[in-house]
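*Asks:* Whatever this is, show me its structure:
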Amino acid sequence: MLKGQVKKMNYSKIFSLEDKGVIVSGGAGYLGSKIVEGLLDFGAKVVIADMVEEDSLEMLNDKENFNKLFFIKCDLLNTKSVQQMYEKAEQLLGSIDVLFNCAAYTGYGGTGDADQMSDEIWNQGIEGTLGMTFRCIREVIPFMKKNLKGSIINFGSLYAFIAPDFRIYPEGFNSPPNYGAGKAAIVQLTRHCASQFSNFGIRVNSITPGSFPHPETQEHDLFMKNLSDRTMLGRIGYPEDLLGAAILLASDASSYMTGANVTVDGGTTAW
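*Replies:* Next up, the predicted model:
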């Protein structure tokens, strides 16, 4: 090839995840499970790392997922458990190429009021968001360093950037301060790690979902209408709406992206 010439590439496979080993923490959850499905469709081998019981995951019984989808029960709040999970995952996948940090501990207490939250509940929420993500990043870095490559995708939140509008929350609904604070810190942690580990070929980005309420929450019609009215697109988000961003950041299509935050919120924060 002459100097200055560009090598011809097959761009039709730029989003392919063939031969990539992916771990999804919280992959049994409402959003994480849909991301797992998308990763499998694009050819990845996937390990779900979660605290649930294995027999609760129906997708593990799908014959199409044989030798492509694995489950490791892991206490993501415990360093030793996370370390053991990564060691086993590397054996199953061959290499750890991509990590999705979808998991978040939801035991934030019964109040969203900052003036009523105890130190204990505050710390539980920060540990269940920021602490869990930090631990998973810290322990995966050695595996990616030795391969001189890797992609880490963290999950922020709409409430990392804007405050909850408590006027629309029904009685008993909860949007606690430690959740938004922890998620905001995750977005900054993403930038920090992107800078620190760039010399090892490790990219670190985040996805910020907007309003993606759990199906149980969707039963409250007025609340759903109020959430929908706060988006430019006039509706709440569904798990499959995150797949485009997830596949982009996991694949070579984002090879020049690091330290970025991809917002998927129907236009809420653009208003």
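*Asks:* The nearest residue to residue 19 once chain neighbours are set aside sits in which helix or strand?
*Replies:* Counting by Cβ to Cβ, 6 or more residues apart in numbering, residue 19 lies nearest to residue 43, which is 7.6 Å off, once chain neighbours are set aside. No exception for glycine: its C-beta is placed from N, CA and C like everyone else's. Per DSSP states H and E: residue 43 is located in neither a helix nor a strand.
*Asks:* Now do residue 43 against residue 250, distance only.
*Replies:* 11 Å (Cβ to Cβ, to the nearest Å).
*Asks:* Of these two, give the one with the bigger neighbour count.
*Replies:* Shown here are residue 43 and residue 250; by other Cβ atoms under 10 Å, residue 250 has more neighbours (27 against 15).
*Asks:* can you tell me which residues contact the more buried one?
*Replies:* 17, 20, 22, 39, 42, 44, 98, 100, 151, 153 (Cβ atoms under 8 Å, 6 or more residues apart in numbering).
*Asks:* which ones are touching the closest residue to the fifth one other than its chain neighbours?
*Replies:* What that stands for is residue 42. Nearest residue to residue 42 in three dimensions, chain neighbours excluded: residue 17, at 4.2 Å (Cβ to Cβ, 6+ apart). Listed by Cβ under 8 Å, 6+ apart, the contact set of residue 17 reads 39, 42, 43, 44, 98, 247, 250, 251.
*Asks:* so where do the helices sit in the chain?
*Replies:* For the chain, applying DSSP state H gives helices covering 32-41, 79-93, 119-126, 132-147, 177-196, 221-229, 243-250.
*Asks:* I'd like those helices laid out as CSV, including distance to residue 167 and mean pLDDT.
*Replies:* Below are those laid out as CSV (distance: least, Cβ to Cβ, whole Å; pLDDT from 0 to 100):
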stretch, distance to residue 167, mean pLDDT
helix 32-41, 30, 98
helix 79-93, 40, 99
helix 119-126, 23, 92
helix 132-147, 30, 98
helix 177-196, 17, 97
helix 221-229, 9, 96
helix 243-250, 30, 99
